[in-house]
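Peer 1: build me a model from this:
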Amino acid sequence: MRSSHVLDRAEITFDDDRAVANVGVLLTATLAERLGLEQLVEEAVELGDRAGAARPGRKVMTLVQSMVLGGDCIDDADVLRSGDTEAILPHRPMAPSTLGTFLRSFTFGHVRQLDRVSGTALARAWAAGAGPGENPMTIDVDSTVCEVHGHAKGGASYGHTRVLGYHPLLATRAETGEVLHVRQRTGKANTARGVGRFLSETVGRVRRAGATGPLTMRADSGFHSDALIARCQALGVAFSITVRQTSQVKEAIAAIPDEAWTAIDYTAGGEAHVGEGTYKGHRLIVRRTSLLGPQAELWPDWRYHAFATDRAAGPVELDVDHRRHAVMELAIRDLKEGSGLNHAPSGRFFANSAWVVMVTLAHNLLRWVATLGLALKAPVIAKTIRRRFLTLPGRLTRSARRLRLHLPRRWPWREAFLAAVDRLRALPLLA
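Peer 2: A predicted model of the protein is given here:
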């Protein structure tokens, strides 16, 4: 057994100017540079003579790269200024005090300007090879509650969850977990508030970004309404929306004949069937489940889960696909656990609205690094990408006017990291 006294005698000094705290930020920094994100912000966000107006591109990218590394507050951006980390970034990282002043300068219009940057970044990443092209794409729409503490947060209030916070609306790409659009809302906002316009903006954004194939929108019962269905039809988007168990829905379910139910696989100790009816002129796909044995005493009757859709596939296939709407929770988890959505840093509502847009930019940078750099075919959780490829230590040396980045020997994911660097550096520079 190794004696702990050896470690007790070790001297600890913070004196290495060549150390790089998180070498993997090179991947997201390279991609951000290839997509021209700093210049996009410089051109789009115009704060005029407001405090903190200078160099908005540099400030946004400092916050975004901090979030990429797991930073969830403004002070976490200081890690980019440690050691020689700045040398591997395409911009000079700004001080947290400067970033706080910058965020507080945002108004509603400035948040919308930053939102346009997010849409253009999506188009550029898709043009580089991350997009769906002519393939079908599914848009998952949902909301989440971002809890805050204290009563000095502008716009924060208690909603249906009785949690003090904000209630942002999100749209994600089911196949990759990318955030297609986000809209910050006050905490008391109804689940479906503004979803019609939000969907229109999302569809317009993905069409401009190059998604030319069929689009499908999935949502849970909180968003079900005739108005949203009409909006989907006007936009030419197929829909799959869970319906509430109203009396009309229950009547439609009861009208499904016994022979129309098809048995499907279900958990041990239970059974499930899928059937099809009609509700307000639309297909109503219903899954019913029942427990067997002692557990059936808790729920002795069938439990029904229904959704309305205009898609043409069979009911069993549609039921399986609709249940995949749950993958959006994985994207929300990644946004909250490491990318900043768990925290609202300012007391001003529009500062926190801008923060949320930057959170999605950081999240998407990780997703695009996975697709364009690591060549991953299926989504990988952000924590895994961060642990394997971003938060590794290194040391930067200079010799004969050349930089050399020294990384740990025997790093398990060495080959994948080097391949990702080569692929990202091969992307054309956009400005």
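Peer 1: just the strands in the stretch 1-150 of the chain please.
Peer 2: Listed in chain order, the strands of the stretch 1-150 of the chain (DSSP state E, counting those that start in this stretch) span 19-20, 137-143, 146-147.
Peer 1: spit out the contact partners of the residue minimising distance to the centre of the chain.
Peer 2: For the chain, residue 179 is the residue whose C-alpha lies nearest the centre (C-alpha atoms, centre = their mean; 4.2 Å). Taking C-beta atoms under 8 Å, 6 or more residues apart in numbering, we find residue 179 in contact with 170, 171, 172, 331, 335, 360, 363, 364. Using the backbone N, CA and C atoms, a C-beta is placed for each residue, glycine as well.
Peer 1: tell me the most buried of the strands of the stretch 1-150 of the chain?
Peer 2: Mean neighbour count (mean count of other C-beta atoms under 10 Å) peaks for strand 137-143 among the strands of the stretch 1-150 of the chain, with a mean of 22.
Peer 1: give me the helices and strands touching it, please.
Peer 2: In terms of contacts (3 or more C-beta pairs under 8 Å, 6 or more residues apart in numbering; DSSP states H and E), strand 137-143 is packed against strand 169-173, helix 195-209, strand 215-219, helix 328-336.
Peer 1: tell me the average confidence for it?
Peer 2: Averaging pLDDT along strand 137-143 yields 97.
Peer 1: one more: stretch 398-411?
Peer 2: For stretch 398-411, mean pLDDT rounds to 89.
Peer 1: before we move on, what about stretch 343-362?
Peer 2: Mean per-residue pLDDT for stretch 343-362: 94.
Peer 1: over to stretch 327-335?
Peer 2: 93.
Peer 1: could I have that stretch exported to PDB, CA atoms only?
Peer 2: C-alpha atoms of stretch 327-335 as PDB (Å, rounded to 0.1, in the frame of the first residue of the first chain):
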ATOM      1  CA  VAL A 327     -35.900  11.400 -26.400                       C
ATOM      2  CA  MET A 328     -36.500  15.100 -26.000                       C
ATOM      3  CA  GLU A 329     -36.000  14.700 -22.300                       C
ATOM      4  CA  LEU A 330     -32.500  13.500 -23.000                       C
ATOM      5  CA  ALA A 331     -31.800  16.800 -24.800                       C
ATOM      6  CA  ILE A 332     -33.300  18.800 -21.900                       C
ATOM      7  CA  ARG A 333     -31.100  16.800 -19.500                       C
ATOM      8  CA  ASP A 334     -28.000  17.700 -21.500                       C
ATOM      9  CA  LEU A 335     -29.000  21.300 -21.500                       C
END
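Peer 1: run the chain-centre distance for that stretch.
Peer 2: Computed by C-alpha atoms, centre = their mean, to the nearest Å, the chain-centroid distance of stretch 327-335 equals 7 Å.
Peer 1: and what of stretch 217-230?
Peer 2: Distance, centroid of stretch 217-230 to centroid of chain: 21 Å (C-alpha atoms, centre = their mean).
Peer 1: end-to-end on that stretch?
Peer 2: End-to-end distance of stretch 217-230 (C-alpha to C-alpha, to the nearest Å): 13 Å.
Peer 1: outside of whichever strand or helix holds residue 285, which residues touch it?
Peer 2: Per DSSP states H and E: residue 285 is located in strand 282-291. Applying C-beta under 8 Å, 6+ apart, the external contacts of strand 282-291 come out as 229, 243, 249, 252-253, 256, 261, 264, 266, 269-278, 296, 298-299, 301-311, 315, 318-319, 322.
Peer 1: quick check: next helix or strand after that strand?
Peer 2: For strand 282-291, the following helix or strand on the C-terminal side (DSSP H and E) is strand 303-309.
Peer 1: element containing the nearest residue to residue 206 once chain neighbours are set aside, please.
Peer 2: Residue nearest to residue 206 in three dimensions, not counting chain neighbours: residue 180, with 5.9 Å by C-beta to C-beta, 6 or more residues apart in numbering. Using DSSP H and E, residue 180 sits within strand 179-183.
Peer 1: sheet partners, orientation included, of that strand?
Peer 2: Here strand 179-183 has these sheet partners by DSSP bridges: strand 169-173 (antiparallel).
Peer 1: I'd like the mean pLDDT over the strand it pairs with, please.
Peer 2: For strand 169-173, mean pLDDT is 97.
Peer 1: distance between that strand and the chain's centre?
Peer 2: Taking C-alpha atoms, centre = their mean, one finds strand 169-173 lying 7 Å from the centre of the chain it belongs to.
Peer 1: buried stuff in it?
Peer 2: Buried positions in strand 169-173, judged by neighbour count with 16 or more other C-beta atoms under 10 Å: 169, 170, 171, 172, 173.
Peer 1: repeat that for stretch 421-431.
Peer 2: Buried residues in stretch 421-431, counting neighbours by 16+ other C-beta under 10 Å, are found at 421, 423, 424, 427, 430.
Peer 1: tell me the SS of residue 423?
Peer 2: What DSSP: H, G, I helix; E, B strand; the rest coil gives for residue 423 is helix.
Peer 1: wait, doesn't residue 307 sit right on residue 321?
Peer 2: No. Using C-beta atoms under 8 Å, residue 307 is not in contact with residue 321; the gap is 10.2 Å.
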